[in-house]
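Peer 1: how would this look folded up:
(one chain, ligands or ions: 2)
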Amino acid sequence: MTEFFTDVPQPVAFAGAPDTGGLRYQVYDPNRVVAGTTMAEHLRIAVCYWHSFHWPGSDIFGAGTFDRPWLAAGLDPIEAAMAKQDAAFEFFAKLGTPFFCFHDVDMAPEGATLAESRRNLDVMVERAAGKMAETGVRLLWGTANLFSHPRYAAGAATNPDPQVFAHAAAQVRHMLEATHRLGGANYVLWGGREGYEPLLNPRLRREAAQLARFLPLVAEHKRRIGFTGTLLLEPKPQEPAKHQYDYDCSTVLGFLERYDLADEYRVNIEVNHATLSGHSFHHEVAFALDHGLFGSIDANRGDPQNGWDTDQFPNSVDEMSLAVYEILRGGGFTTGGFNFDTKLRRQSIDRSDLFHGHIGGIDTLARSLLVAAAMLDDGTIERARDARYAGWDDGLGRRILDGEVDLAALADEAVAGDLDPRPVSGRQEWLENQVNRIIWSTPN
Ligand code: XUL
Ligand code: CO
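Peer 2: Ligands and ions are numbered 1, 2, ... in the order given. Now for the predicted structure:
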């Protein structure tokens, strides 16, 4: 196997390790214990196969800019897939991260028929199993690409043609089995084309009913094959479709509850998808945790000045700390983790740039974890939240929640003049200052 990342000849040194003159993390040390658990176990970091190894750096205005020799035209597809796999595992091992994620078509070339695509995937998955055993790198999640091929232009499960639904079923079945074979911790469904372009052609109820059929089929198959990982839906409001049905966490929860699927699925929240839906990432994480929906994270952020999915590496500790705080407060990940569904910028053409992007993002998460642990330890935020709702713990609040009073009885109590509610400060600025106090005082 020839080395690809020759400009990064040795593994990236973890924070605290002796300086070797190579690349190093400033904060991330997988074995450092924070709030009772190692950084590696808290963060469960994964590198994605697609943007990092299967994307040439093209955009809608221009060709690929990256040095990815296995993507050149005219190569034998399986040999090219093997070269890509070698480079990917070399990268994972040198970066020192525990997990990766992939779509079927990132790892194995699509054949002329479904049967040929399946054979290709089987070959590459068996080879990946060997690489995983060699390097110790594990699979955070697998997923089927149900959005790139022209057959999915009008959706996969929500396509007007049931034959496309069947085609999607075949791909998901095979990829779910491949994920199981590789010991994946989760399986993701992102419905990039499950939505519409103009509202003039879709039947909305019809498409919802189709999606509501597809999701239990996947859950049934998961049980049939004995896969114990978590099924995750990845919300996104738009792009590529004008409107996507899995708009945000709240929409997904409503859909799952409406079709009695809330026990089967959790969410994979992406930072950039949260902001595209008009929320903050903090909001989506807090909502999912509070509603038992939280699963995993795609850590890539958007650019505040434009309205599309730029998939940039996270670099704001101020923003990330708030979300990591909610995760920590909620008990942390179970099967999920932080996946880097991130893209380099098109001008980042050195092979080492892929390392710099991930190192910066991972250090941002590690530093956010330290801040979040300090916030939890400090307790100010939770004490303020508890005090805010103290009225519901007993007395009137308890009687309302326990259903002991009806509307008329409540009204009578209020009218009798015994109650005297007074405005209370929300203390927003004070709370924000508390967060900054902890961010600024937490040592590395
Ligand atoms: C697209 C996106 C996908 C999913 C997996 O915006 O985030 O890469 O994470 O299909
Ligand atoms: Co994603």
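
Peer 1: C-alpha from now on. contacts and neighbour counts both.
Peer 2: Noted.

Peer 1: what's in contact with stretch 27-44?
Peer 2: With Cα atoms under 8 Å, 6 or more residues apart in numbering as the test, stretch 27-44 has contacts from 14-16, 98-99, 332-333, 336-338, 362-363, 365-367, 369-370, 373, 444.

Peer 1: Please apply the same query to stretch 96-107.
Peer 2: 11-12, 40, 44-50, 54, 81, 85, 92, 121, 124-125, 136-145, 175, 339.

Peer 1: Tell me the buried residues within the contacts of stretch 27-44.
Peer 2: When the contacts of stretch 27-44 are checked for burial by 16 or more other Cα atoms under 10 Å, the buried set is 14-15, 98-99, 332-333, 336-338, 362-363, 365-367, 369-370, 373.

Peer 1: Select from the residues you listed every entry located in strands.
Peer 2: Members of the buried ones among the contacts of stretch 27-44 lying in strands (criterion: DSSP state E): 99, 338.

Peer 1: Helices of the stretch 201-350 of the chain, residue ranges please.
Peer 2: Using DSSP state H, counting those that start in this stretch, the helices found in the stretch 201-350 of the chain span residues 204-225, 249-258, 271-276, 281-290, 317-329.

Peer 1: Pick the most buried one from those.
Peer 2: Comparing the helices of the stretch 201-350 of the chain by mean neighbour count (mean count of other Cα atoms under 10 Å), helix 271-276 ranks first with a mean of 26.

Peer 1: other SSEs contacting that helix?
Peer 2: Contacts defined by 3 or more Cα pairs under 8 Å, 6 or more residues apart in numbering; DSSP states H and E place helix 271-276 against helix 281-290.

Peer 1: what angle do the helix it packs on and helix 317-329 make?
Peer 2: With axes from the mean of the first three to the mean of the last three Cα atoms, to 10 degrees as the basis, helix 281-290 and helix 317-329 are set at 0 degrees to each other.

Peer 1: ok now helix 281-290, how far from the chain's centre?
Peer 2: Between the centre of helix 281-290 and the centre of its chain there are 13 Å (Cα atoms, centre = their mean, to the nearest Å).

Peer 1: Numbering from 98 from now on, please.
Peer 2: Understood, numbering begins at 98; the last thing we discussed is helix 378-387.

Peer 1: Which other helices and strands does it contact?
Peer 2: Secondary-structure packing of helix 378-387 (3+ Cα pairs under 8 Å, 6+ apart): helix 346-355, strand 362-367, helix 368-373, helix 414-426.

Peer 1: ok, and what's touching the longest one?
Peer 2: By Cα under 8 Å, 6+ apart, the surrounding residues in contact with helix 414-426 are 378-379, 382-383, 386, 411, 430, 461-462, 464-466, 468-470, 472-473, 536.

Peer 1: One more pass at 7 Å, please.
Peer 2: Residues external to helix 414-426 that are found in contact with it (Cα atoms under 7 Å, 6 or more residues apart in numbering): 378-379, 382-383, 461, 464-466, 468-469, 473.

Peer 1: Is it possible to get a markdown table of those residues that adds distance to His453 and pLDDT?
Peer 2: Supplementary listing: those in a markdown table, determined by distance: Cα to Cα, whole Å; pLDDT from 0 to 100:
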| residue | distance to His453 | pLDDT |
| --- | --- | --- |
| Phe378 | 23 | 98 |
| His379 | 25 | 98 |
| Val382 | 27 | 98 |
| Ala383 | 30 | 98 |
| Thr461 | 12 | 98 |
| Arg464 | 16 | 98 |
| Ser465 | 18 | 98 |
| Leu466 | 20 | 99 |
| Val468 | 22 | 98 |
| Ala469 | 24 | 98 |
| Leu473 | 30 | 98 |
